[in-house]
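I'll drop the sequence and a predicted model, then ask my questions.
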Protein chains: 2
Amino acid sequence: MAEGLRERKKRETRQRISDIATGLFLEHGFVTVTMADVADAADVSVNTVYNYFPSKEDLFFDRSAGIVERLGRWVRGRGPGESAVAAVLRELRAEVEAVSPHVGLMLGYDRFMSVIHEAPALRSRLWSIQQEIQDNLEKVLREETGAPADDSAPTLIAGQINWVHQTTMAVIGRRMLAGHNPDEVSREVLLLLDDMEGLLSDTVLNYAVRPSA
Amino acid sequence: MAEGLRERKKRETRQRISDIATGLFLEHGFVTVTMADVADAADVSVNTVYNYFPSKEDLFFDRSAGIVERLGRWVRGRGPGESAVAAVLRELRAEVEAVSPHVGLMLGYDRFMSVIHEAPALRSRLWSIQQEIQDNLEKVLREETGAPADDSAPTLIAGQINWVHQTTMAVIGRRMLAGHNPDEVSREVLLLLDDMEGLLSDTVLNYAVRPSA
DNA sequence: CCCCAACTTTTCAGAGACTCCAATGATCAA
DNA sequence: TTGATCATTGGAGTCTCTGAAAAGTTGGGG
(Lines give C-alpha, C1' and ligand atoms only; values in the text may rest on other atoms or scores of the structure.)
Protein backbone atom coordinates (compact mmCIF):
# COMPACT_ATOMS: atom_id res chain seq x y z
CA MET A 1 0.00 0.00 0.00
CA ALA A 2 2.17 2.76 1.37
CA GLU A 3 0.01 5.75 0.58
CA GLY A 4 2.25 8.38 -0.97
CA LEU A 5 2.53 11.96 0.16
CA ARG A 6 0.61 13.07 -2.91
CA GLU A 7 -2.36 10.86 -2.14
CA ARG A 8 -2.51 12.05 1.44
CA LYS A 9 -2.37 15.72 0.53
CA LYS A 10 -5.16 15.21 -1.99
CA ARG A 11 -7.37 13.61 0.64
CA GLU A 12 -6.55 16.35 3.09
CA THR A 13 -7.31 19.23 0.71
CA ARG A 14 -10.54 17.57 -0.29
CA GLN A 15 -11.56 17.16 3.32
CA ARG A 16 -10.54 20.68 4.22
CA ILE A 17 -12.58 22.15 1.38
CA SER A 18 -15.59 20.04 2.31
CA ASP A 19 -15.40 20.97 5.99
CA ILE A 20 -14.95 24.67 5.41
CA ALA A 21 -17.74 24.65 2.84
CA THR A 22 -20.32 22.94 5.07
CA GLY A 23 -19.32 25.33 7.83
CA LEU A 24 -20.00 28.32 5.62
CA PHE A 25 -23.23 26.84 4.29
CA LEU A 26 -24.59 26.09 7.76
CA GLU A 27 -23.72 29.59 8.91
CA HIS A 28 -24.84 31.70 5.95
CA GLY A 29 -27.08 29.47 3.84
CA PHE A 30 -26.49 27.80 0.49
CA VAL A 31 -27.29 30.53 -2.02
CA THR A 32 -25.50 33.38 -0.30
CA VAL A 33 -22.19 31.50 -0.10
CA THR A 34 -20.51 31.48 -3.50
CA MET A 35 -17.95 29.06 -4.78
CA ALA A 36 -15.44 31.91 -4.70
CA ASP A 37 -16.14 32.36 -0.97
CA VAL A 38 -15.48 28.68 -0.36
CA ALA A 39 -12.29 28.78 -2.41
CA ASP A 40 -11.05 31.87 -0.57
CA ALA A 41 -11.84 30.43 2.84
CA ALA A 42 -10.06 27.19 1.93
CA ASP A 43 -7.16 29.19 0.49
CA VAL A 44 -7.46 27.50 -2.86
CA SER A 45 -8.50 28.45 -6.37
CA VAL A 46 -12.10 28.04 -7.53
CA ASN A 47 -11.09 25.47 -10.11
CA THR A 48 -9.45 23.36 -7.47
CA VAL A 49 -12.78 23.14 -5.71
CA TYR A 50 -14.32 22.03 -9.00
CA ASN A 51 -11.51 19.55 -9.36
CA TYR A 52 -12.78 17.70 -6.29
CA PHE A 53 -16.51 18.41 -6.43
CA PRO A 54 -18.42 18.39 -9.72
CA SER A 55 -20.98 20.90 -8.48
CA LYS A 56 -21.89 23.13 -5.59
CA GLU A 57 -24.57 20.65 -4.46
CA ASP A 58 -22.05 17.83 -4.32
CA LEU A 59 -20.00 20.00 -2.03
CA PHE A 60 -22.93 20.30 0.35
CA PHE A 61 -23.95 16.63 0.36
CA ASP A 62 -20.42 15.25 0.58
CA ARG A 63 -21.10 14.22 4.18
CA SER A 64 -24.06 12.04 3.17
CA ALA A 65 -22.04 9.73 0.93
CA GLY A 66 -22.86 6.10 1.62
CA ILE A 67 -26.58 6.76 2.10
CA VAL A 68 -27.32 5.46 -1.37
CA GLU A 69 -26.45 1.87 -0.50
CA ARG A 70 -28.12 1.89 2.91
CA LEU A 71 -31.43 0.22 2.02
CA GLY A 72 -29.73 -2.32 -0.20
CA ARG A 73 -27.25 -3.10 2.56
CA TRP A 74 -30.01 -3.59 5.12
CA VAL A 75 -31.90 -5.93 2.80
CA ARG A 76 -28.80 -7.97 2.04
CA GLY A 77 -28.19 -8.29 5.77
CA ARG A 78 -31.64 -9.62 6.64
CA GLY A 79 -31.63 -12.58 8.98
CA PRO A 80 -32.93 -16.12 8.33
CA GLY A 81 -36.71 -16.14 8.05
CA GLU A 82 -36.73 -12.37 7.70
CA SER A 83 -38.24 -10.54 4.72
CA ALA A 84 -36.80 -7.50 2.97
CA VAL A 85 -39.29 -5.07 4.47
CA ALA A 86 -38.94 -6.62 7.93
CA ALA A 87 -35.19 -6.05 7.83
CA VAL A 88 -35.57 -2.43 6.84
CA LEU A 89 -38.18 -1.83 9.55
CA ARG A 90 -35.92 -3.49 12.12
CA GLU A 91 -32.86 -1.42 11.19
CA LEU A 92 -34.90 1.75 10.99
CA ARG A 93 -36.41 1.13 14.44
CA ALA A 94 -32.97 0.46 15.85
CA GLU A 95 -31.57 3.72 14.48
CA VAL A 96 -34.57 5.73 15.64
CA GLU A 97 -34.61 4.13 19.08
CA ALA A 98 -30.89 4.81 19.46
CA VAL A 99 -31.53 8.47 18.53
CA SER A 100 -28.86 8.05 15.88
CA PRO A 101 -27.37 10.90 13.84
CA HIS A 102 -27.57 8.55 10.83
CA VAL A 103 -31.28 9.31 10.61
CA GLY A 104 -30.96 12.96 11.53
CA LEU A 105 -31.71 12.59 15.21
CA MET A 106 -29.08 14.98 16.54
CA LEU A 107 -28.72 18.52 17.78
CA GLY A 108 -28.12 20.95 14.95
CA TYR A 109 -29.88 18.86 12.36
CA ASP A 110 -32.58 21.52 12.23
CA ARG A 111 -30.04 23.98 10.87
CA PHE A 112 -29.01 21.43 8.25
CA MET A 113 -32.64 20.89 7.24
CA SER A 114 -33.29 24.59 7.20
CA VAL A 115 -30.45 25.22 4.76
CA ILE A 116 -31.82 22.50 2.49
CA HIS A 117 -35.35 23.78 2.88
CA GLU A 118 -34.63 27.25 1.58
CA ALA A 119 -32.48 26.13 -1.36
CA PRO A 120 -34.44 24.54 -4.23
CA ALA A 121 -31.23 23.20 -5.75
CA LEU A 122 -30.54 21.21 -2.58
CA ARG A 123 -34.06 19.81 -2.39
CA SER A 124 -33.75 18.67 -5.98
CA ARG A 125 -30.49 16.98 -5.22
CA LEU A 126 -32.04 15.29 -2.21
CA TRP A 127 -34.79 13.78 -4.37
CA SER A 128 -32.18 12.67 -6.85
CA ILE A 129 -30.41 10.84 -4.02
CA GLN A 130 -33.66 9.20 -2.93
CA GLN A 131 -34.16 8.04 -6.50
CA GLU A 132 -30.71 6.51 -6.45
CA ILE A 133 -31.53 4.76 -3.20
CA GLN A 134 -34.64 3.21 -4.72
CA ASP A 135 -32.85 2.18 -7.92
CA ASN A 136 -30.09 0.59 -5.90
CA LEU A 137 -32.64 -1.21 -3.76
CA GLU A 138 -34.46 -2.56 -6.79
CA LYS A 139 -31.19 -3.89 -8.15
CA VAL A 140 -30.42 -5.63 -4.86
CA LEU A 141 -33.92 -7.14 -4.75
CA ARG A 142 -33.45 -8.53 -8.25
CA GLU A 143 -30.12 -10.05 -7.30
CA GLU A 144 -31.42 -11.51 -4.03
CA THR A 145 -34.57 -13.02 -5.53
CA GLY A 146 -33.18 -13.88 -8.95
CA ALA A 147 -36.34 -12.43 -10.48
CA PRO A 148 -36.38 -12.31 -14.31
CA ALA A 149 -35.98 -8.92 -15.94
CA ASP A 150 -39.63 -8.73 -16.98
CA ASP A 151 -40.87 -9.34 -13.41
CA SER A 152 -42.20 -6.08 -12.02
CA ALA A 153 -42.32 -7.27 -8.40
CA PRO A 154 -38.86 -5.94 -7.42
CA THR A 155 -39.80 -2.51 -8.81
CA LEU A 156 -43.03 -2.45 -6.84
CA ILE A 157 -41.58 -3.77 -3.59
CA ALA A 158 -38.66 -1.37 -3.86
CA GLY A 159 -41.22 1.39 -4.18
CA GLN A 160 -43.01 0.26 -1.02
CA ILE A 161 -39.81 -0.02 0.98
CA ASN A 162 -38.71 3.34 -0.33
CA TRP A 163 -42.04 4.77 0.85
CA VAL A 164 -41.31 3.57 4.38
CA HIS A 165 -37.79 4.98 4.37
CA GLN A 166 -38.60 8.23 2.66
CA THR A 167 -41.60 9.17 4.79
CA THR A 168 -39.64 8.29 7.91
CA MET A 169 -36.81 10.60 6.91
CA ALA A 170 -39.22 13.29 5.75
CA VAL A 171 -41.13 13.26 9.03
CA ILE A 172 -37.91 13.37 11.05
CA GLY A 173 -36.76 16.30 8.93
CA ARG A 174 -40.01 18.17 9.39
CA ARG A 175 -40.18 17.61 13.14
CA MET A 176 -36.55 18.59 13.69
CA LEU A 177 -37.05 21.65 11.50
CA ALA A 178 -40.07 22.55 13.66
CA GLY A 179 -37.70 22.76 16.60
CA HIS A 180 -38.47 19.56 18.50
CA ASN A 181 -35.68 17.79 20.29
CA PRO A 182 -34.28 14.46 19.09
CA ASP A 183 -35.67 12.31 21.93
CA GLU A 184 -39.17 13.59 21.43
CA VAL A 185 -39.01 13.02 17.67
CA SER A 186 -37.61 9.55 18.26
CA ARG A 187 -40.67 8.57 20.27
CA GLU A 188 -43.07 9.99 17.69
CA VAL A 189 -41.35 8.28 14.81
CA LEU A 190 -41.42 4.88 16.52
CA LEU A 191 -45.21 5.17 16.59
CA LEU A 192 -45.18 6.26 12.96
CA LEU A 193 -43.20 3.17 12.03
CA ASP A 194 -45.86 1.01 13.66
CA ASP A 195 -48.54 2.82 11.67
CA MET A 196 -46.64 2.31 8.44
CA GLU A 197 -46.12 -1.39 9.10
CA GLY A 198 -49.86 -1.67 9.68
CA LEU A 199 -50.49 -0.22 6.22
CA LEU A 200 -48.34 -2.78 4.42
CA SER A 201 -50.03 -5.80 2.88
CA ASP A 202 -48.96 -9.34 3.78
CA THR A 203 -47.54 -9.85 0.30
CA VAL A 204 -45.20 -6.94 0.82
CA LEU A 205 -44.32 -7.98 4.36
CA ASN A 206 -43.35 -11.45 3.16
CA TYR A 207 -41.38 -10.58 0.05
CA ALA A 208 -37.88 -12.02 -0.30
CA VAL A 209 -37.88 -13.97 2.96
CA ARG A 210 -34.47 -15.51 3.53
CA PRO A 211 -34.71 -19.33 3.95
CA SER A 212 -34.06 -20.31 7.58
CA ALA A 213 -31.65 -23.16 6.76
CA MET B 1 -65.18 40.43 -19.33
CA ALA B 2 -64.17 42.00 -22.62
CA GLU B 3 -60.53 41.00 -22.79
CA GLY B 4 -58.51 44.00 -23.90
CA LEU B 5 -55.93 44.04 -26.68
CA ARG B 6 -53.12 44.14 -24.16
CA GLU B 7 -54.28 40.99 -22.40
CA ARG B 8 -54.70 39.12 -25.66
CA LYS B 9 -51.27 40.04 -26.93
CA LYS B 10 -49.76 38.94 -23.63
CA ARG B 11 -51.42 35.56 -23.88
CA GLU B 12 -50.35 35.19 -27.49
CA THR B 13 -46.69 36.07 -26.90
CA ARG B 14 -46.54 33.74 -23.94
CA GLN B 15 -48.03 30.91 -25.98
CA ARG B 16 -45.79 31.60 -28.94
CA ILE B 17 -42.66 31.54 -26.79
CA SER B 18 -43.74 28.30 -25.11
CA ASP B 19 -44.57 26.57 -28.40
CA ILE B 20 -41.39 27.62 -30.16
CA ALA B 21 -39.33 26.64 -27.12
CA THR B 22 -40.74 23.11 -26.79
CA GLY B 23 -40.26 22.70 -30.52
CA LEU B 24 -36.59 23.60 -30.23
CA PHE B 25 -36.11 21.46 -27.10
CA LEU B 26 -37.68 18.39 -28.72
CA GLU B 27 -35.55 18.84 -31.80
CA HIS B 28 -32.16 19.71 -30.29
CA GLY B 29 -32.34 18.72 -26.62
CA PHE B 30 -32.56 20.87 -23.50
CA VAL B 31 -28.94 21.79 -22.82
CA THR B 32 -27.92 22.66 -26.37
CA VAL B 33 -30.77 25.13 -26.82
CA THR B 34 -29.98 28.39 -25.02
CA MET B 35 -32.41 30.99 -23.80
CA ALA B 36 -30.99 33.32 -26.43
CA ASP B 37 -31.90 30.77 -29.12
CA VAL B 38 -35.48 30.64 -27.87
CA ALA B 39 -35.70 34.42 -27.72
CA ASP B 40 -34.34 34.78 -31.25
CA ALA B 41 -36.67 32.14 -32.66
CA ALA B 42 -39.64 33.79 -30.96
CA ASP B 43 -38.42 37.19 -32.19
CA VAL B 44 -38.36 38.57 -28.69
CA SER B 45 -35.74 39.72 -26.22
CA VAL B 46 -34.29 37.36 -23.65
CA ASN B 47 -35.74 39.48 -20.87
CA THR B 48 -39.21 39.05 -22.27
CA VAL B 49 -38.84 35.27 -22.03
CA TYR B 50 -37.86 35.68 -18.38
CA ASN B 51 -40.83 37.97 -17.93
CA TYR B 52 -43.16 35.02 -18.63
CA PHE B 53 -41.12 32.05 -17.41
CA PRO B 54 -39.06 32.23 -14.23
CA SER B 55 -36.60 29.61 -15.43
CA LYS B 56 -35.63 27.49 -18.40
CA GLU B 57 -37.20 24.43 -16.79
CA ASP B 58 -40.53 26.20 -16.41
CA LEU B 59 -40.38 26.92 -20.11
CA PHE B 60 -40.05 23.21 -20.83
CA PHE B 61 -42.77 21.98 -18.47
CA ASP B 62 -45.26 24.70 -19.35
CA ARG B 63 -47.37 22.15 -21.20
CA SER B 64 -47.74 19.95 -18.11
CA ALA B 65 -49.47 22.64 -16.04
CA GLY B 66 -52.52 21.25 -14.29
CA ILE B 67 -50.86 17.94 -13.51
CA VAL B 68 -50.26 19.03 -9.93
CA GLU B 69 -53.94 18.99 -9.04
CA ARG B 70 -54.73 15.77 -10.90
CA LEU B 71 -54.65 13.31 -7.99
CA GLY B 72 -56.48 15.70 -5.70
CA ARG B 73 -59.13 16.24 -8.36
CA TRP B 74 -59.61 12.52 -8.85
CA VAL B 75 -59.97 11.94 -5.12
CA ARG B 76 -62.48 14.76 -4.76
CA GLY B 77 -64.48 13.28 -7.60
CA ARG B 78 -64.76 9.77 -6.14
CA GLY B 79 -68.23 8.29 -6.28
CA PRO B 80 -70.46 7.22 -3.39
CA GLY B 81 -69.07 4.18 -1.62
CA GLU B 82 -65.73 4.67 -3.38
CA SER B 83 -62.45 5.14 -1.50
CA ALA B 84 -59.66 7.57 -2.41
CA VAL B 85 -57.36 4.86 -3.79
CA ALA B 86 -60.21 3.22 -5.67
CA ALA B 87 -61.01 6.48 -7.43
CA VAL B 88 -57.40 7.00 -8.46
CA LEU B 89 -57.12 3.45 -9.72
CA ARG B 90 -60.35 3.82 -11.69
CA GLU B 91 -59.29 7.09 -13.32
CA LEU B 92 -55.83 5.74 -14.03
CA ARG B 93 -57.23 2.59 -15.65
CA ALA B 94 -59.59 4.68 -17.76
CA GLU B 95 -56.75 6.88 -19.03
CA VAL B 96 -54.50 3.93 -19.74
CA GLU B 97 -57.24 1.93 -21.43
CA ALA B 98 -58.12 4.94 -23.60
CA VAL B 99 -54.44 5.22 -24.58
CA SER B 100 -54.61 8.84 -23.48
CA PRO B 101 -51.90 11.45 -24.06
CA HIS B 102 -52.56 12.65 -20.52
CA VAL B 103 -50.56 9.71 -19.23
CA GLY B 104 -47.97 9.83 -21.99
CA LEU B 105 -49.52 7.20 -24.22
CA MET B 106 -48.96 8.92 -27.54
CA LEU B 107 -46.61 8.91 -30.50
CA GLY B 108 -43.61 11.16 -29.90
CA TYR B 109 -43.70 10.84 -26.14
CA ASP B 110 -40.48 8.87 -26.36
CA ARG B 111 -38.73 11.98 -27.68
CA PHE B 112 -40.16 13.99 -24.80
CA MET B 113 -38.92 11.40 -22.28
CA SER B 114 -35.56 11.24 -23.95
CA VAL B 115 -35.05 14.98 -23.64
CA ILE B 116 -35.91 14.78 -19.95
CA HIS B 117 -33.73 11.72 -19.49
CA GLU B 118 -30.55 13.35 -20.69
CA ALA B 119 -31.04 16.62 -18.78
CA PRO B 120 -30.50 16.36 -15.01
CA ALA B 121 -32.14 19.73 -14.50
CA LEU B 122 -35.36 18.45 -16.04
CA ARG B 123 -35.36 15.25 -14.01
CA SER B 124 -34.98 17.32 -10.87
CA ARG B 125 -37.86 19.51 -11.86
CA LEU B 126 -39.97 16.41 -12.55
CA TRP B 127 -39.36 15.14 -9.02
CA SER B 128 -40.22 18.53 -7.67
CA ILE B 129 -43.54 18.36 -9.53
CA GLN B 130 -44.23 14.88 -8.14
CA GLN B 131 -43.59 16.23 -4.67
CA GLU B 132 -46.11 18.99 -5.31
CA ILE B 133 -48.63 16.40 -6.47
CA GLN B 134 -48.22 14.44 -3.25
CA ASP B 135 -48.41 17.55 -1.06
CA ASN B 136 -51.54 18.68 -2.85
CA LEU B 137 -53.06 15.22 -2.45
CA GLU B 138 -52.32 15.17 1.27
CA LYS B 139 -54.02 18.54 1.63
CA VAL B 140 -57.10 17.27 -0.19
CA LEU B 141 -57.21 14.14 1.96
CA ARG B 142 -57.11 16.26 5.10
CA GLU B 143 -59.94 18.41 3.83
CA GLU B 144 -62.04 15.46 2.73
CA THR B 145 -61.63 13.45 5.92
CA GLY B 146 -61.43 16.34 8.34
CA ALA B 147 -58.48 14.63 10.00
CA PRO B 148 -56.79 16.64 12.78
CA ALA B 149 -53.40 18.15 12.04
CA ASP B 150 -51.55 15.64 14.20
CA ASP B 151 -53.09 12.64 12.39
CA SER B 152 -50.44 11.09 10.18
CA ALA B 153 -52.88 8.96 8.18
CA PRO B 154 -53.35 11.47 5.32
CA THR B 155 -49.59 11.72 4.93
CA LEU B 156 -49.23 7.96 4.76
CA ILE B 157 -52.19 7.35 2.45
CA ALA B 158 -51.06 10.18 0.19
CA GLY B 159 -47.70 8.42 0.01
CA GLN B 160 -49.33 5.14 -1.00
CA ILE B 161 -51.51 6.76 -3.65
CA ASN B 162 -48.51 8.68 -4.91
CA TRP B 163 -46.65 5.38 -5.17
CA VAL B 164 -49.34 4.02 -7.47
CA HIS B 165 -49.38 7.11 -9.64
CA GLN B 166 -45.66 7.62 -9.76
CA THR B 167 -44.69 4.06 -10.62
CA THR B 168 -47.39 3.99 -13.26
CA MET B 169 -46.02 7.12 -14.90
CA ALA B 170 -42.45 5.94 -14.48
CA VAL B 171 -43.14 2.58 -16.14
CA ILE B 172 -45.01 4.24 -18.99
CA GLY B 173 -42.08 6.60 -19.47
CA ARG B 174 -39.54 3.77 -19.46
CA ARG B 175 -41.48 1.61 -21.89
CA MET B 176 -42.15 4.46 -24.29
CA LEU B 177 -38.51 5.48 -24.07
CA ALA B 178 -37.57 1.90 -24.93
CA GLY B 179 -39.41 2.35 -28.19
CA HIS B 180 -42.63 0.40 -27.59
CA ASN B 181 -45.84 1.66 -29.14
CA PRO B 182 -48.64 3.16 -27.03
CA ASP B 183 -51.14 0.28 -27.45
CA GLU B 184 -48.61 -2.29 -26.33
CA VAL B 185 -47.61 -0.22 -23.29
CA SER B 186 -51.27 0.34 -22.46
CA ARG B 187 -51.85 -3.41 -22.17
CA GLU B 188 -48.74 -3.94 -20.04
CA VAL B 189 -49.63 -1.11 -17.69
CA LEU B 190 -53.16 -2.39 -17.13
CA LEU B 191 -51.63 -5.60 -15.79
CA LEU B 192 -49.23 -3.56 -13.69
CA LEU B 193 -52.15 -1.67 -12.15
CA ASP B 194 -53.71 -4.99 -11.14
CA ASP B 195 -50.44 -6.02 -9.53
CA MET B 196 -50.19 -2.76 -7.63
CA GLU B 197 -53.77 -2.99 -6.38
CA GLY B 198 -52.95 -6.47 -5.12
CA LEU B 199 -50.09 -5.06 -3.04
CA LEU B 200 -52.26 -2.52 -1.25
CA SER B 201 -53.59 -3.41 2.20
CA ASP B 202 -57.30 -3.30 2.96
CA THR B 203 -56.80 -0.31 5.23
CA VAL B 204 -55.38 1.67 2.34
CA LEU B 205 -58.02 0.43 -0.10
CA ASN B 206 -60.80 1.57 2.23
CA TYR B 207 -59.48 4.96 3.28
CA ALA B 208 -61.76 7.97 2.86
CA VAL B 209 -64.74 6.07 1.46
CA ARG B 210 -67.46 8.51 0.48
CA PRO B 211 -70.72 7.73 2.29
CA SER B 212 -73.35 6.34 -0.10
CA ALA B 213 -75.76 9.27 0.35
C1' DC C 1 21.73 14.40 -6.08
C1' DC C 2 19.36 15.58 -10.10
C1' DC C 3 16.30 15.35 -13.84
C1' DC C 4 12.35 13.68 -16.16
C1' DA C 5 7.57 12.31 -16.45
C1' DA C 6 3.18 12.43 -14.40
C1' DC C 7 0.10 14.77 -11.83
C1' DT C 8 -2.05 18.80 -9.35
C1' DT C 9 -3.11 23.37 -9.05
C1' DT C 10 -3.55 27.79 -10.80
C1' DT C 11 -4.51 31.31 -14.11
C1' DC C 12 -7.01 32.89 -17.89
C1' DA C 13 -10.83 33.18 -20.99
C1' DG C 14 -15.54 32.41 -21.81
C1' DA C 15 -20.32 30.37 -22.29
C1' DG C 16 -24.73 30.61 -20.36
C1' DA C 17 -28.53 31.23 -16.73
C1' DC C 18 -30.42 34.70 -14.30
C1' DT C 19 -31.12 39.56 -11.98
C1' DC C 20 -31.54 44.53 -11.66
C1' DC C 21 -32.39 48.96 -13.61
C1' DA C 22 -33.50 52.63 -16.51
C1' DA C 23 -35.41 53.82 -20.88
C1' DT C 24 -38.77 53.22 -24.63
C1' DG C 25 -42.94 52.50 -26.71
C1' DA C 26 -47.52 50.56 -26.99
C1' DT C 27 -52.11 50.34 -24.74
C1' DC C 28 -55.61 52.04 -21.85
C1' DA C 29 -58.85 54.95 -19.34
C1' DA C 30 -60.63 59.45 -19.04
C1' DT D 1 -55.64 64.32 -26.51
C1' DT D 2 -53.36 63.41 -22.29
C1' DG D 3 -51.44 61.22 -18.66
C1' DA D 4 -50.88 56.68 -16.42
C1' DT D 5 -49.90 51.87 -16.87
C1' DC D 6 -47.37 48.15 -18.36
C1' DA D 7 -44.95 45.04 -21.76
C1' DT D 8 -40.64 45.14 -23.77
C1' DT D 9 -35.94 46.16 -24.36
C1' DG D 10 -30.86 46.89 -23.87
C1' DG D 11 -27.08 46.89 -20.90
C1' DA D 12 -24.31 45.96 -17.05
C1' DG D 13 -23.29 42.58 -13.80
C1' DT D 14 -23.12 38.12 -10.82
C1' DC D 15 -22.51 33.39 -10.46
C1' DT D 16 -21.97 28.49 -11.89
C1' DC D 17 -19.41 25.70 -14.58
C1' DT D 18 -16.13 24.33 -18.56
C1' DG D 19 -11.94 24.11 -21.14
C1' DA D 20 -7.05 24.94 -22.22
C1' DA D 21 -2.68 26.23 -21.18
C1' DA D 22 0.83 27.59 -17.83
C1' DA D 23 3.17 26.87 -13.51
C1' DG D 24 4.23 24.27 -9.61
C1' DT D 25 4.87 19.63 -7.02
C1' DT D 26 5.94 15.01 -6.35
C1' DG D 27 7.93 10.37 -7.13
C1' DG D 28 11.08 7.42 -9.43
C1' DG D 29 15.30 6.32 -12.29
C1' DG D 30 19.81 7.38 -13.40
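Yep, that arrived. Numbers count the residues shown, from 1 in each chain, chains lettered A, B, ... in the order given.

C-alpha only now, for contacts and for neighbours.
Fine.

A:Asp151 - how many residues pack around it?
For A:Asp151, the neighbour count with other Cα atoms under 10 Å in any protein chain shown is 11.

what do you get for A:Arg187?
By other Cα under 10 Å, the residues close to A:Arg187 number 13.

so who does the residue nearest to it when sequence neighbours are not counted touch?
Nearest residue to A:Arg187 in three dimensions, chain neighbours excluded: A:Glu97, at 7.6 Å (Cα to Cα, 6 or more residues apart in numbering or on different chains). Residues counted as contacts of A:Glu97 (Cα atoms under 8 Å, 6 or more residues apart in numbering or on different chains) are A:Ser186, A:Arg187, A:Leu190.

Quick check: the last one touching A:Ala94?
Think A:Leu190. No: counting by Cα atoms under 8 Å, A:Ala94 is not a contact partner of A:Leu190; they are 9.6 Å apart.

Please identify which of these two sits among more neighbours.
Neighbours were counted for A:Leu190 and for A:Ala94 using other Cα under 10 Å; A:Leu190 has more, 17 against 13.

avg pLDDT for the helix or strand where that one lies?
Assigned by DSSP states H and E, A:Leu190 falls within helix A:182-199. Averaged over helix A:182-199, pLDDT sits at 98.

Can you classify the residue positioned nearest the centre of chain A as helix, strand or coil?
What sits nearest the mean C-alpha location of chain A, by Cα atoms, centre = their mean, is A:Ile67, with 3.8 Å. The local conformation at A:Ile67, judged by DSSP: H, G, I helix; E, B strand; the rest coil, is coil.

Doesn't A:Val99 lie inside a strand?
No: the assignment for A:Val99 by three-state DSSP gives coil, which leaves it out of any strand.

Show me the helices in chain A, by range?
Under the criterion DSSP state H, chain A contains helices at A:5-28, A:35-41, A:46-52, A:56-60, A:70-76, A:84-97, A:109-117, A:120-145, A:153-177, A:182-199, A:202-205.

A:Ser114 reaches A:Leu177, doesn't it?
Yes: counting by Cα under 8 Å, A:Ser114 touches A:Leu177, with 6.4 Å between them.

Need the helices of chain A in CSV (columns: distance to B:Ala213).
What follows is the helices of chain A, written out as CSV (distance: least, Cα to Cα, whole Å):
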stretch, distance to B:Ala213
helix A:5-28, 54
helix A:35-41, 61
helix A:46-52, 63
helix A:56-60, 53
helix A:70-76, 45
helix A:84-97, 39
helix A:109-117, 43
helix A:120-145, 41
helix A:153-177, 34
helix A:182-199, 28
helix A:202-205, 33
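
Please name the nearest non-neighbouring residue to A:Ile67.
Closest to A:Ile67 by Cα to Cα, 6+ apart is A:Ile133, at 7.5 Å.

Which pLDDT value goes with A:Ser64?
Looking at A:Ser64, its pLDDT stands at 86.

For it, which residues are in contact?
Applying Cα under 8 Å, 6+ apart, no residues qualify as near A:Ser64.

again, 10 Å this time
Applying Cα atoms under 10 Å, 6 or more residues apart in numbering or on different chains to A:Ser64 gives the contacts A:Asp58, A:His102, A:Ile129.

and what of A:Glu82?
Listed by Cα under 10 Å, 6+ apart, the contact partners of A:Glu82 are A:Val75, A:Arg90, A:Leu205, A:Asn206, A:Tyr207, A:Ala208, A:Val209, A:Arg210, A:Pro211, A:Ser212.

Would you convert these into a markdown table that also reports distance to B:Gly198 and pLDDT?
Formatted as a markdown table, the contacts of A:Glu82 follow (distance: Cα to Cα, whole Å; pLDDT from 0 to 100):
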| residue | distance to B:Gly198 | pLDDT |
| --- | --- | --- |
| A:Val75 | 22 | 98 |
| A:Arg90 | 24 | 98 |
| A:Leu205 | 13 | 98 |
| A:Asn206 | 14 | 98 |
| A:Tyr207 | 13 | 98 |
| A:Ala208 | 17 | 98 |
| A:Val209 | 19 | 98 |
| A:Arg210 | 22 | 96 |
| A:Pro211 | 24 | 93 |
| A:Ser212 | 27 | 86 |
